[in-house]
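J.: Structure for this input, please:
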Amino acid sequence: MPTTPATAANSAPNGAAPSIMLELVDEDGTTIGTAEKLSAHRAPGRLHRAFSVFLFDEEGRLLLQRRALGKYHSPGVWSNTCCGHPYPGEAPFTAAARRVSEELGVSPSLMAEAGTVRYNHPDPVSGLVEQEFNHLFVGMVQAPPRPDPDEVGETAFVTARELAERHASAPFSAWFMTVLDAARPAIRELTGTAGGW
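T.: Prediction:
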C-alpha cells in the first residue's frame, strides 16, 4: 500500500506533522529506496521519481500554472500544467491524475504516457536541486480549472506562440523547457496542428 499523507499522519508520533516521502531511483528508474522530500532536494540532490503533466483544451492550447508564492520550491514562477512526485509505491499515472485534481480541481481526460526524461536542474534562488527521473503525461482538460490557492497562483491557456512570448518575459521553472521538449512528440500526436506545437 502506498504511503499517503493520511497513512503517514496516522503513524506520525505525538501528532507531529508527517514527512512526505519520495521514491529514490537509479539511472534506469528502478526504485532503490525512499527519502524525505526536502532532503532529496538539498544540494547536490538525490535522484528520485517525479512526473510532469501537460493538459490541452480543445483548441490545442496548453494549460500553464504559476506556482503559488507560498511554495518552498520555485514559488511564483510559471510551469507546466502540473508536476510532482508519486508517493512510494504509487504508480506515476495515478499520482499525476491525483495531483491534477488536487491542484487544479479538474480531472484530466485522454491522459497518456509520453515517455520519461532524466535531468539535474539546480534552482539558483532557493539552492535546491531537481535530480529527477520524470514520467511525462499529456492529455486534455474539458472543464475550467478551479485552482487551490495554496498550490497555484494563476493559470493561463496558451498557444505555442503565446508560450514563447511569455517564456521570454516571465520567470519559468528551471525544469520547464526540459520536460516540454521531451514531451513534444506526444503533444503533437495529441493536438495535431492545433496550437502550433
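J.: Dead centre of the chain: give me the residue that sits there.
T.: Central residue of the chain (C-alpha atoms, centre = their mean): C83, 0.7 Å from the mean position.
J.: In space, what's closest to that residue - neighbours in sequence excluded?
T.: Distances taken as C-beta to C-beta, 6 or more residues apart in numbering put S52 closest to C83, at 4.5 Å, once the chain neighbours are dropped. Yep, even glycine has a C-beta here, placed from its N, CA and C like the rest.
J.: Regarding the one you found, what is its secondary structure?
T.: strand (DSSP: H, G, I helix; E, B strand; the rest coil).
J.: got a list of contacts for the longest strand along the chain?
T.: For the chain, the strand with the greatest residue count under DSSP state E is strand 109-122. Residues outside strand 109-122 that contact it (C-beta atoms under 8 Å, 6 or more residues apart in numbering): 27, 29, 43, 45, 47, 53-55, 93, 96-97, 128-142, 174-175, 178-179, 182-183, 185-187, 190.
J.: Would you mark the buried spots in it?
T.: By neighbour count with 16 or more other C-beta atoms under 10 Å, strand 109-122 contains the buried residues 111, 114, 116-119, 121.
J.: for this protein, where's the lowest mean pLDDT among helices and strands?
T.: Within the chain, no helix or strand scores below helix 5-11, which has a mean of 36 by mean pLDDT, DSSP states H and E.
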